[in-house]
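# Show me how the following folds:
(2 chains)
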Number of protein chains: 2
Amino acid sequence: MEVFEAIRTMLAVRRYQDRPVPEATVRRILEAGRLTGSGMNQQPWHFIVVQDRARLQQLGALASSGPYVAQAPLAIVVAVEPSRFAVSDASRAIQSMTLAAWADGVGSNWVGFGGMDEVKRVLDIPAKLDVLAIVPFGFPAQPAGRGKKQRKALAAVAHRERFGQPFA
Amino acid sequence: MEVFEAIRTMLAVRRYQDRPVPEATVRRILEAGRLTGSGMNQQPWHFIVVQDRARLQQLGALASSGPYVAQAPLAIVVAVEPSRFAVSDASRAIQSMTLAAWADGVGSNWVGFGGMDEVKRVLDIPAKLDVLAIVPFGFPAQPAGRGKKQRKALAAVAHRERFGQPFA
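Next up is the predicted model:
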């Protein structure tokens, strides 16, 4: 799938088919994260690949905003080392990973936002790391549609030469 | 360009051809940012498109880590509204924008990281916003190569089921 087409059509997917994500896709998703650029090339990220059903259910129980993690065939937990750029860098990597998945027909969604200390215990993540996100992945249970999104108009967020001169 | 291929090959580009970025590409870059997902769909971002040479030179003079902004044909200044997810959301949008540009043959690099208050004055950006990044764009002055990157090995950042069990 073309880059812009993936960006244009990618939607949050919270319900998944009962069907594993192929290993080649799992690997491509991880590589997409690993190869992403980061501030001063620090790469302060860790990706914990969870496919065990019982463990996915534990994560789902801990993720108040994303209990559907329990039903996903795959979740990648993203933990970051302490660094000024950590949240930004990991967010870029997650964007790469979710786009790479989408190009393979696999949907995802961002669950949680830092401070998920119980998740560390479930996955043996060292105390000094922060769990930024749980990202469940799977083939969408429903067709993904045509990328219709609720977004602000371009003129509301894009400006030409100076703030307040809409780019239209 | 395919999504994974763009992620795999994208490199930081700091020297640009003296050639404008086509308007269609500028628009696609902005759309890529606008259409990116964000926490609670808040879309806390603003994109200020700078193509005026004198203004680019002002930005380059202010960007201690990226004076080459002065030589770029285009820079997009990314400012964010105060929000818990602002840095993360804007980082995702920047990842989308730089990938969309790369697919059109246009290189970029992330310059600065917040707190660029002098940039606000140059671009009339409201005081309550934070300037997260200046992102210069342009056709690379040198061929971009084959995407050879300095990155940690997959086994150092990817784990299977539990932290410390390398994904190999």
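
# For the rest of this, base every contact and every neighbour count on C-alpha atoms.
Will do.

# Check which helices and strands the longest helix seen in chain A sits against.
As assigned by DSSP state H, the longest helix anywhere in chain A is helix A:86-103. Other helices and strands packing on helix A:86-103, by 3 or more CA pairs under 8 Å, 6 or more residues apart in numbering or on different chains; DSSP states H and E, are helix A:3-9, helix A:23-34, strand A:45-50, strand A:74-80, strand A:107-108, strand A:130-138, helix B:3-9, helix B:86-103.

# Any chance of TSV for these, columns distance to residue A:114 and mean pLDDT?
Listed next are the helices and strands packed on helix A:86-103 as TSV, based on distance: least, CA to CA, whole Å; pLDDT from 0 to 100:
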stretch	distance to residue A:114	mean pLDDT
helix A:3-9	25	97
helix A:23-34	18	98
strand A:45-50	13	98
strand A:74-80	9	98
strand A:107-108	18	98
strand A:130-138	4	98
helix B:3-9	25	97
helix B:86-103	11	98
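
# Next, format these as a markdown table and append distance to residue B:61 and mean neighbour count.
Formatted as a markdown table, the helices and strands packed on helix A:86-103 follow (distance: least, CA to CA, whole Å; neighbours: other CA atoms under 10 Å in any protein chain shown):
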| stretch | distance to residue B:61 | mean neighbour count |
| --- | --- | --- |
| helix A:3-9 | 32 | 22 |
| helix A:23-34 | 33 | 21 |
| strand A:45-50 | 32 | 27 |
| strand A:74-80 | 33 | 26 |
| strand A:107-108 | 41 | 26 |
| strand A:130-138 | 35 | 26 |
| helix B:3-9 | 30 | 22 |
| helix B:86-103 | 22 | 27 |
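
# want to throw the ones you listed into CSV with distance to residue B:158?
Formatted as CSV, those follow (distance: least, CA to CA, whole Å):
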stretch, distance to residue B:158
helix A:3-9, 24
helix A:23-34, 7
strand A:45-50, 5
strand A:74-80, 9
strand A:107-108, 18
strand A:130-138, 14
helix B:3-9, 17
helix B:86-103, 21
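
# Identify whichever of those lies nearest to residue A:145.
In this view, the helices and strands packed on helix A:86-103 are compared for proximity to residue A:145 by CA to CA, and helix A:3-9 is the closest at 8.1 Å.

# Would you mind pulling the contact partners of the closest one?
The contact list for helix A:3-9, computed with CA atoms under 8 Å, 6 or more residues apart in numbering or on different chains, reads A:99, A:102-103, A:146-148, B:1-3, B:6, B:28, B:32, B:35-36, B:96, B:99-100, B:103.

# and residue A:64, how many neighbours?
11 (other CA atoms under 10 Å in any protein chain shown).

# Now do the contacts for the residue lying closest to it once chain neighbours are set aside.
What sits nearest to residue A:64 in space, not counting adjacent residues and going by CA to CA, 6 or more residues apart in numbering or on different chains, is residue A:112, at 7.8 Å. Residue A:112 sits next to A:63, A:64, A:65, A:66, A:132, A:133, A:134 when contact means CA under 8 Å, 6+ apart.

# my read: the last one touches residue A:70, true?
This points to residue A:134. No: look at residue A:134 against residue A:70 with CA atoms under 8 Å: they stay out of range, at 11.2 Å.

# any idea how far residue B:141 is from the nearest residue to residue A:74 once chain neighbours are set aside?
Nearest in space to residue A:74, with sequence neighbours left out and distances taken as CA to CA, 6+ apart, is residue A:51 at 4.8 Å. Applying CA to CA, to the nearest Å, the value for residue A:51 to residue B:141 is 44 Å.

# likewise residue A:26?
Taken as CA to CA, the span from residue A:26 to residue B:141 is 35 Å.

# Please apply the same query to residue A:99.
Going from residue A:99 to residue B:141 by CA to CA gives 28 Å.

# Over to residue A:81?
35 Å.

# Neighbour count for the two, which is higher?
The residue with more neighbours, out of residue A:81 and residue B:141, is residue A:81; 20 against 14, by other CA under 10 Å.

# The more buried one against residue A:44, yeah?
Yes: at 5.1 Å, residue A:81 and residue A:44 qualify as touching, with contact defined as CA under 8 Å.

# For the residue nearest to residue A:20 when sequence neighbours are not counted, which residues are in contact?
Among residues not flanking residue A:20 along the chain, residue A:73 sits closest, at 5.4 Å (CA to CA, 6+ apart). For residue A:73, the contact set (CA under 8 Å, 6+ apart) comprises A:16, A:18, A:19, A:20, A:21, A:51, A:53, A:136, A:137, A:138.

# So the fourth one sits against residue A:137, correct?
No: Residue A:20 sits out of contact with residue A:137 when judged by CA under 8 Å, with a separation of 9.5 Å.

# Show me whatever sits in contact with both of these two.
Contacts common to residue A:20 and residue A:137, judged by CA under 8 Å, 6+ apart, are A:73, A:74.

# so how many other residues sit close to residue A:69?
Residues lying near residue A:69 (other CA under 10 Å) number 29.
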